[in-house]
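[1] 3D model of this:
(one chain, ligands or ions: 2)
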Amino acid sequence: MKWIEVQHSGPLFGTVCIPGSKNSSLALLAAACLSDEPLILKGIPNILDFRVIAEIADEMGMKIERKESGDVWIDPQYIHTGLLNHCKTSAYRASYYFVGSLLAKKGKVSIGYPGGDNFVSRPIDQHIKALKQLGAKFTFFDDHYVVEAEKLVGTSIFFDMITSGATINAMLAAVLAEGRTELLNAAKDPEVVDTANLLNYMGARITGAGTDKIKIDGVKQLGGCTYTAIPDRLIAGAFLMAAGATRGTVTIEEIIPEHLQSCVLKLKEIGMSFELKESSITAYGDVNIKATRVRTGMYPAFATDLQQPMTSLLLRAPGRSIITDKVYPERFNHISQLNKMGAQIKVRNGSAFIQGAAPLQGNYVHASDVRAGTCLIIAGLMAEGLTMISGVEHIERGYDNVMNQFRGLGAKLLVHDIEEDIEIAEYATQAAVK
Ligand SMILES: CC(=O)N[C@H]1[C@@H](OP(=O)(O)OP(=O)(O)OC[C@H]2O[C@@H](n3ccc(=O)[nH]c3=O)[C@H](O)[C@@H]2O)O[C@H](CO)[C@@H](O)[C@@H]1O
Ligand SMILES: C=C(OP(=O)(O)O)C(=O)O
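    Ligands and ions are numbered 1, 2, ... in the order given. This next block holds a predicted model:
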């Protein structure tokens, strides 16, 4: 079992190169199944979810190899089955993308229910609705579900709410479907656009990605290409917030600034300043931070995946801040952990009410999901004394090399493997779950 030890660190200074997007990569790797030729994906982070996908791919006959350059070479020509290991496909959230892509290719998919971060309720009804409208039939079992389609036929699908996952999944299923599919009330997330771009490079005919109306004209087959995933806007945003939380100056490089617009504008509102260039942003955090109101929403609104590091930053702001998560109203597992460190936050009806400027003291805390991890690292940098964070496996699901990146900015942060010291492990586990 691994633990992260964080010490109060003073201002972070320096530059971080932002890796490829986790959420895009998960969709791109599934999209690759649709090709009849090998392809190369660049910028795929070497995270835990990627390694699980590589195992699933291996079992279905799709070769995935990470080259020394970091590029991922994929050969989907020998996929022999859509019947996937239920346990492995339940180990992360976005395994549902294999339903869209393999249904189009193999006609039948058997797969475990989606895992990933658990925010109480993460339904997939819109995925089911969209795929059914394209011609799929679902059968549900205790630990898995089976989806079958003799033929997928294009149609108009109206999503009841904006969902990036279901928009991407429907797109994956529709690219080889007969005729035209229209996705209405579609998500506009950069990850949707990234997936559409890759599919178009492979020979698909998708227009309108990035708007709420996507048109897909089915093609007979898709081929190989070389494609680079977009940078991770969520990791990028967390580093901007870390600059503010520690009064530091941090430059994030190799990013697409437009993807961070709502984040940067909110951080400006609370007093931070920025220098924006074509592919970098410098955040200046040595300022007084003002309390504010944040409401998360689907892109281009403030991302739900950024509300956790934002909460840590707002601990610095005197007065009362309110963060309302409109996307996942119960996504507040990190709050009890921050309160163990001295934060004064109450959660009520989908909102966190933060009484800022309370002194923070290090403690044993648990990261219950990937973004809670960055939130607690940032809080640990601000707190007096030592913060010990468990749940590192959640952080590893989404971040490749994040500890080194923080260290490169001057953060005092160590990773322990506590297998080596059972006594500390037992004490720390008990302390973290209290
Ligand atoms: C792997 C991945 O890309 N994960 C991201 C993706 O998750 P995920 O794809 O699961 O999230 P969605 O965009 O689909 O969800 C958006 C909203 O729609 C709801 N909904 C979604 C699907 C559905 O069938 N029914 C339904 O009600 C969800 O409960 C949520 O309120 O987008 C989330 C919202 O930006 C991010 O927090 C996750 O990091
Ligand atoms: C919620 C997240 O991931 P997933 O959807 O993979 O659980 C996340 O990346 O913050």
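[2] can we go C-alpha only for contacts and neighbour counts from here?
    Noted.
[3] how's the chain carved up into domains?
    2-19+231-433, 22-228 (automatic domain parsing).
[4] what would those domains look like in CSV with distance to ligand 1 and mean pLDDT?
    Listed next are these as CSV, based on distance: least, Cα to the nearest ligand atom, whole Å; pLDDT from 0 to 100:
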stretch, distance to ligand 1, mean pLDDT
domain 2-19+231-433, 4, 94
domain 22-228, 3, 96
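[5] can you tell me which of the ones you listed comes nearest to ligand 2?
    Smallest distance to ligand 2 across the domains of the chain (Cα to the nearest ligand atom): 3.7 Å, for domain 22-228.
[6] distance between that closest one and the chain's centre?
    Distance of domain 22-228 from the chain centroid (Cα atoms, centre = their mean, to the nearest Å) equals 16 Å.
[7] do stretch 310-319 as well
    Worked out by Cα atoms, centre = their mean, stretch 310-319 lies 23 Å from the chain centre.
[8] what residues sit buried inside that stretch?
    310-318 (16 or more other Cα atoms under 10 Å).
[9] can I get those in CSV including secondary structure and distance to residue 253?
    As requested, those are exported to CSV (DSSP: H, G, I helix; E, B strand; the rest coil; distance: Cα to Cα, whole Å):
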residue, secondary structure, distance to residue 253
310, helix, 20
311, helix, 24
312, helix, 23
313, helix, 21
314, helix, 24
315, coil, 26
316, coil, 26
317, coil, 27
318, coil, 31
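[10] ok, so of those residues, who is nearest residue 83?
    residue 310 (40.5 Å; Cα to Cα).
[11] and the closest one, what does it touch?
    238, 241, 375 (Cα atoms under 8 Å, 6 or more residues apart in numbering).
[12] TSV for those residues, including neighbour count and distance to residue 262?
    Converted to TSV, these look like this (neighbours: other Cα atoms under 10 Å; distance: Cα to Cα, whole Å):
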residue	neighbour count	distance to residue 262
238	23	13
241	29	13
375	26	19
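[13] closest to residue 66 out of those?
    Looking across the contacts of residue 310 and measuring by Cα to Cα, the closest to residue 66 is residue 238, at 26.8 Å.
[14] nearest residue to that closest one in space, ignoring adjacent ones along the chain?
    Residue nearest to residue 238 in three dimensions, not counting chain neighbours: residue 309, with 5.8 Å by Cα to Cα, 6 or more residues apart in numbering.
[15] now check the one helix or strand that neighbour maps to, is it near ligand 2?
    With elements taken from DSSP states H and E, the one containing residue 309 is helix 307-314. No. Contact of helix 307-314 with ligand 2 (Cα under 6 Å from any ligand atom) is absent, the minimum separation being 9.5 Å.
[16] now the helix or strand following that helix: buried residues?
    The helix or strand immediately downstream of helix 307-314 is strand 319-324, counting by DSSP H and E. Residues 320-324 are the ones in strand 319-324 that count as buried (16+ other Cα under 10 Å).
[17] could you dump these into JSON lines and include distance to residue 58?
    Listed next are the buried residues of strand 319-324 as JSON lines, based on distance: Cα to Cα, whole Å:
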{"residue": "320", "distance to residue 58": "51"}
{"residue": "321", "distance to residue 58": "48"}
{"residue": "322", "distance to residue 58": "46"}
{"residue": "323", "distance to residue 58": "42"}
{"residue": "324", "distance to residue 58": "41"}
